[in-house]
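Participant: could you look at this predicted model? Sequence included:
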Amino acid sequence: MTGRPPPLLVRALGYAAAAWCLGFGGASVWLVAGMSGQPGRSGLVIVNLLALVLKLAGAAVALAAVRDRPGWPDRPRLLGVALWGAFGLLALYSAGNLVITAGTESGLLAPSAAWTAAGGVTPRAVLYVLFFLAGAAIFGVLAVWFHRRHQLGWTSAVTGLAGAPLLLGLLLGVVPAILSRWGLLPT
């Protein structure tokens, strides 16, 4: 690590990533507030709260990466793994939204329901996909910059990128399956 503060452009990207996460977190808060008190929605509330925690963690990671004095000076590898993981998660989610199966407008992965929820390929659906692609790009640039600045080994990038599909599978597959089994989500 160098003793110099991050360049202005990198700091701006870090703040943009944090704002992206917090803005997206606002959507989770709005959804949870709209579902509170409605019967049969407790599973959706739990999933949205887990997503909110993840979004807040993303904002914290982005801000920690561009601090003049890192809050985790003895753990840059952990922060590097988190940055690569955020990039991988958003890139995979974006890819899932872009995949369209032959003959239908529903994608192969659960996130691609954005296309069908918006009524097919509409401007709203395109903006949704672009929003996630922008988040992935910002975290990708931050991950590469941080990786180079702290001269992290390839294991940090591989660990973060390998953890992304596991976390996405946990959030989109395992948690809903458990909540369905408990009767909190429709099967």
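Facilitator: Yep, that arrived. Numbering: from 1, shown residues only.
Participant: which residue ranges form the helices in the chain?
Facilitator: 8-35, 42-65, 76-98, 113-117, 123-149, 154-169, 175-181 (DSSP state H).
Participant: residues in contact with the closest residue to residue 147 other than its chain neighbours?
Facilitator: Excluding its sequence neighbours, the residue lying closest to residue 147 (C-beta to C-beta, 6 or more residues apart in numbering) is residue 80, at 5.7 Å. (Each C-beta comes from the backbone N, C-alpha and C, glycine too.) With contact taken as C-beta atoms under 8 Å, 6 or more residues apart in numbering, residue 80 is in contact with 143, 146, 147, 150, 152, 156, 157, 160.
Participant: repeat that for 6 Å
Facilitator: Contacts of residue 80 were listed using C-beta atoms under 6 Å, 6 or more residues apart in numbering, and they are 146, 147, 152, 156.
Participant: next one: residue 145
Facilitator: Contacts of residue 145 (C-beta under 6 Å, 6+ apart): residue 10.
Participant: roughly how far apart are it and residue 95?
Facilitator: Using C-beta to C-beta, to the nearest Å, residue 145 is found at 23 Å from residue 95.
Participant: what does residue 23 give?
Facilitator: 22 Å.
Participant: looking at the two, which is more packed in?
Facilitator: Under the criterion of other C-beta atoms under 10 Å, the comparison of residue 23 against residue 95 puts residue 95 first, with 18 against 13.
Participant: which pLDDT does the model give the more buried one?
Facilitator: For residue 95, the pLDDT comes out at 85.
Participant: next: residue 183.
Facilitator: Note for residue 183: predicted pLDDT of 87.
Participant: for it, the count of nearby residues, please.
Facilitator: Neighbourhood size, residue 183 [other C-beta under 10 Å]: 11.
Participant: if I look at it, how far off is residue 154?
Facilitator: Distance, residue 183 to residue 154, by C-beta to C-beta: 45 Å.
Participant: hmm, back to that, which of the helices of the chain sits most buried?
Facilitator: helix 76-98 (a mean of 22; mean count of other C-beta atoms under 10 Å).
Participant: relative to the whole chain's centre, how far out is that one?
Facilitator: 7 Å (C-alpha atoms, centre = their mean, to the nearest Å).
Participant: and the angle from it to helix 8-35?
Facilitator: 60 degrees (axes from the mean of the first three to the mean of the last three C-alpha atoms, to 10 degrees).
Participant: so what touches stretch 32-48?
Facilitator: Residues outside stretch 32-48 that contact it (C-beta under 6 Å, 6+ apart): 28, 31, 179, 184, 185.
Participant: just to revisit the earlier point, would you single out the least confident of the helices of the chain?
Facilitator: Ranked by mean pLDDT, those end with helix 113-117 in last place, scoring a mean of 53.
Participant: residues in contact with residue 89?
Facilitator: When contacts are counted by C-beta under 6 Å, 6+ apart, residue 89 touches 164, 167, 168.
Participant: again with residue 16
Facilitator: With C-beta under 6 Å, 6+ apart, residue 16 has these contacts: residue 138.
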